[in-house]
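Undergrad: structure, please.
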Amino acid sequence: MYAFITLSVIVVMLFRRGVVIPTLVGTFLVGWMYQGNVISGFKAVYNANLTAAKELFTIFLIITFMVALLASLRDIGADHRMIRPIQKLIVNGHVAFFVLALVTYVISLFFWPTPAVPLIGALLFPAAIRVGLPPMAAAMAVALAGQGMALSSDYVMQIAPMLSAKGAGVATELVADKAMMLSLITGGVSITGAYLMHRKAIRKPSEHTAPQDITTVAAPQPATAEFAEAAAAVETLPPSTVRWSKIFALLVPLSMLGVMTVMAVSKFGSSSMGGFEGGDGAAFIGGVAIILLILSCTVFAKINALDRISDHLTEGFIFAFKAMGPVIPIAGFFFLGNADFSKSVLSLGENAAAPAFLYDLVMSVQHAIPTNGLLTAFGILIIGIIAGLEGSGFSGLPLTGSLSGALAPTVGVDSSTLAAIGQMGSVWSGGGTLIAWSSLVAVAGFAGVSVIDLARKNFLPVMLGLSVSTVAALMIW
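TA: Now for the predicted structure:
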């Protein structure tokens, strides 16, 4: 039954449909059939979601605090000021392409691409197009660097590696480090490919009819009106708020740089300060974000900050649950296939053996699995890409992680390596580079290009990058 439901989930993904209902029904049926009574099925479908929620709630918290911080910076205009100096670096179309990619990557590492894209699109797209960068090239630079390279590693918040590692049954830092390397390889290849595709189309600033193009591109979409209003409001803020805006425009980037420095030193330098991998890393950056959020709300709203901060936290939680809510039932089903969680999901006694449905499934067809690491790695990559077709790059990670943990012993490849490869496929596909029914819509809207054309243009460089990184993973690890 577990094998049938897993196959059904993959088929539904192929049809670009959500898999929440199949996983919920599958959990109910597996619990019912394993225990032999329908009551156990009802309990299993609830326990699976509860188990997944407990395991993944740290993810919701880190998203909440980072989005709330960004919202509080928008109040004082600091988000606009952080970007403004970068506009001066955009001197021609060639430079603009790589500046867009770099800025998008850095911001998306800390705040995720979804809240970062409106900020970059409203403030940097017009400047880039003014100096001759084609709108399609600008859109590709932002999508590949943000929704692709930054989100696929998710190295700062480590949400994606945590989901992959939970499924594979390995430490988060093992997947995170390998995913970071693979994301840089994939991103480097795909961004270079995108630049070469548009290099000859980049014009000199004097050749570009700026006013009409800029007006068209910069016209805010309904979803981004608040960012445009915030950008305009920076010029009319009270003098005291302007002063704090300047301070926080410097303080927040320096704080995030400090976070990255401390994490790097703890990983590669002295071990006296302890490690910051996995949950500790998320806790560290989350704590920094909370303090910055409190300070930002206080300088903007004074005594009213006591209420204002609640509004921002609510906004953050809403964003987090919209982004990650569907992942809980999906993760719950695949946690049911993992012996580490199946006992609690099925409400088994202390002395009862925990079933490992997914591992048993792989063992039952072990004779048919080619003992070839290359074929298995590309198989996991393809499954990840298929899992991302429903439009959520993270919902497929419990599947690719679980399959990686089960297949790794059979083919002699480290499970964290396979999990990282699957993560690349799922996030690059569903995160917003290859499919039009994803956050790629926001990028296309800001650039004023067709989202279908953008997804089609991204396909070749992304697939080339994923292929190169998969081969590189097997050669390195």
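Undergrad: Ile328 and Lys54, how far apart?
TA: Distance, Ile328 to Lys54, using Cβ to Cβ, to the nearest Å: 10 Å. Where you see a C-beta, it was placed from the backbone N, CA and C, and this is true even at glycine.
Undergrad: so where's the stretch 201-350 of the chain shaky on pLDDT?
TA: 205-237, 263-264, 267-282, 323-324 (pLDDT under 70).
Undergrad: any low-confidence regions in the stretch 1-150 of the chain?
TA: In the stretch 1-150 of the chain (pLDDT under 70), the answer is 13-14, 16, 59, 114-115, 118-119, 122-123.
Undergrad: what ranges do the helices span in it?
TA: Using DSSP state H, counting those that start in this stretch, the helices found in the stretch 1-150 of the chain span residues 2-14, 20-35, 38-76, 78-87, 93-111, 113-123, 125-130, 135-142.
Undergrad: among those helices, which is nearest Leu292?
TA: helix 38-76 (5.6 Å; Cβ to Cβ).
Undergrad: just the helices of the stretch 1-150 of the chain: most buried one?
TA: Most buried of the helices of the stretch 1-150 of the chain, by mean neighbour count (mean count of other Cβ atoms under 10 Å): helix 135-142, with a mean of 27.
Undergrad: for Ile247, find the nearest of the helices of the stretch 1-150 of the chain.
TA: helix 78-87 (8.1 Å).
Undergrad: name the helices or strands packed onto that closest one?
TA: helix 38-76, helix 93-111, helix 113-123, helix 225-233, helix 239-268 (3 or more Cβ pairs under 8 Å, 6 or more residues apart in numbering; DSSP states H and E).
Undergrad: so for Ala352, which of the ones you listed sits nearest?
TA: Per Cβ to Cβ, nearest to Ala352 of the helices and strands packed on helix 78-87: helix 38-76, 12.7 Å.
Undergrad: I'd like the helices of the stretch 1-150 of the chain as CSV, with distance to Cys297 appended.
TA: Output for these, formatted as CSV (distance: least, Cβ to Cβ, whole Å):
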stretch, distance to Cys297
helix 2-14, 41
helix 20-35, 35
helix 38-76, 5
helix 78-87, 12
helix 93-111, 17
helix 113-123, 17
helix 125-130, 29
helix 135-142, 29
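Undergrad: compare these and give me the one nearest Ala301.
TA: Closest among these, using Cβ to Cβ: helix 38-76, at 7.7 Å.
Undergrad: from the middle of its chain, how far away would that closest one be?
TA: How far helix 38-76 lies from its chain's middle: 15 Å, per Cα atoms, centre = their mean, to the nearest Å.
Undergrad: same check, this time on stretch 452-460
TA: 19 Å.
Undergrad: how about stretch 339-357?
TA: 31 Å.
Undergrad: contact partners of that stretch?
TA: 2, 27, 30-31, 34-35, 40, 43-44, 47-48, 51, 55, 169, 332, 335-338, 359 (Cβ atoms under 8 Å, 6 or more residues apart in numbering).
Undergrad: ok, back up a step: closest to Ala249 out of the helices of the stretch 1-150 of the chain?
TA: Short answer: helix 78-87, nearest of the helices of the stretch 1-150 of the chain by Cβ to Cβ, at 3.6 Å.
Undergrad: and the closest one with helix 93-111, angle?
TA: 150 degrees (axes from the mean of the first three to the mean of the last three Cα atoms, to 10 degrees).
Undergrad: nearest the geometric middle of the chain, what residue?
TA: Leu151 (3.5 Å; Cα atoms, centre = their mean).
Undergrad: can you give me phi and psi for it?
TA: Dihedral angles of Leu151 (phi, psi; degrees, to the nearest 10) stand at phi -70, psi -30.
Undergrad: for it, what are its contacts?
TA: So Leu151 contacts Ser108, Trp112, Pro113, Ala160, Gly393, Val427, Gly431, Gly432 (Cβ under 8 Å, 6+ apart).
Undergrad: distance of the third one relative to Ala171?
TA: The reference is to Pro113. In terms of Cβ to Cβ, Pro113 sits 26 Å off from Ala171.
Undergrad: test my guess that Ile421 contacts Ile383.
TA: No. Counting by Cβ atoms under 8 Å, no contact exists between Ile421 and Ile383, whose distance comes to 9.9 Å.
Undergrad: more crowded one of the two?
TA: Between Ile421 and Ile383, Ile421 has the larger neighbour count (other Cβ atoms under 10 Å), namely 30 against 21.
Undergrad: helices or strands next to the strand or helix carrying Ile452 in the packing?
TA: Element membership for Ile452, per DSSP states H and E: helix 451-476. For helix 451-476, the packing partners by 3+ Cβ pairs under 8 Å, 6+ apart come out as helix 135-142, helix 172-198, helix 373-387, helix 415-428, helix 440-447.
Undergrad: 6 Å instead?
TA: Identification of packing neighbours for helix 451-476 by 3 or more Cβ pairs under 6 Å, 6 or more residues apart in numbering; DSSP states H and E yields helix 172-198, helix 373-387, helix 415-428, helix 440-447.
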